[in-house]
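> Dropping a prediction and its sequence here:
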Amino acid sequence: MTRTRNPIPPFTAETAARKVQAAEDAWNTRDPETVAQAYRVDTVWRNRDQTITGRDQVIAFLTAKWDRELDYQLRKNLWAFTDDQIAVRFQYEWHDHDGRWWRSYGNELWRFDAQGYMTHREASINDRPIGQDERRVTPGHGELPTW
């Protein structure tokens, strides 16, 4: 019996939004093992300039990411969807080991298998230094600002 990861395709506006919120919630745990469970074992990612293949590489990538991106907080919004694909826009904020704060902006394209596991993730991300007083990302709360 094949396990499913709800919601599963084909997506509706409601189920796509639930999938996006589930991803945001998982990433905000900053637990690579938890996050990796949403991806198929042979998932393929393009993240910035890196290609990541398989859950083991996802876990290694996220472990290194959250070792360098401290106090990470993410917000995702649904951009568009088809039967088995979702596009999101996101912002996250974090600080480095020197105490400098950053806001990272981007878009992701996701493709899912019939069981609801993500098979492909493409992420384009830009970073901008910010002051701690400029922080505005609050997980789970409304639409992201456009600028």
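Received the coordinates, thanks.
> Could I get the contacting residues of Arg135?
93, 101, 103 (CB atoms under 8 Å, 6 or more residues apart in numbering). All C-beta atoms are positioned from the backbone trio N, CA, C, and that covers glycine.
> Serialize those residues to CSV and add fields for pLDDT and distance to Thr138.
Converted to CSV, the contacts of Arg135 look like this (pLDDT from 0 to 100; distance: CB to CB, whole Å):
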residue, pLDDT, distance to Thr138
Glu93, 97, 10
Trp101, 98, 15
Arg103, 97, 13
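> for those, which one is nearest His141?
Set against His141, the nearest of the contacts of Arg135 by CB to CB is Glu93 (13.5 Å).
> got a list of what the nearest residue to that closest one once chain neighbours are set aside touches?
Closest residue to Glu93 apart from its sequence neighbours, by CB to CB, 6 or more residues apart in numbering: Val137 at 4.6 Å. By CB under 8 Å, 6+ apart, the contact list for Val137 reads 73-75, 91-93, 103, 144.
> Using the three-state scheme, assign Val137.
coil (DSSP: H, G, I helix; E, B strand; the rest coil).
> From Glu108, how far off is it?
16 Å (CB to CB, to the nearest Å).
> What of Ile8?
19 Å.
> next one: Gln85
11 Å.
> Looking at the two, which one has more neighbours?
Set Gln85 next to Glu108 and count neighbours by other CB atoms under 10 Å: Glu108 wins out with 22 against 15.
> pretty sure that one is in a strand, no?
Yes. Counting by three-state DSSP, Glu108 is found in a strand.
> Do you know the pLDDT at it?
In this model, Glu108 is scored at 98, pLDDT.
> now swap in the one 5 residues further on and tell me
For Asp113, the model assigns a pLDDT of 98.
> dump the residue contacts of it.
By CB under 8 Å, 6+ apart, Asp113 lies in contact with 9, 40, 84, 119.
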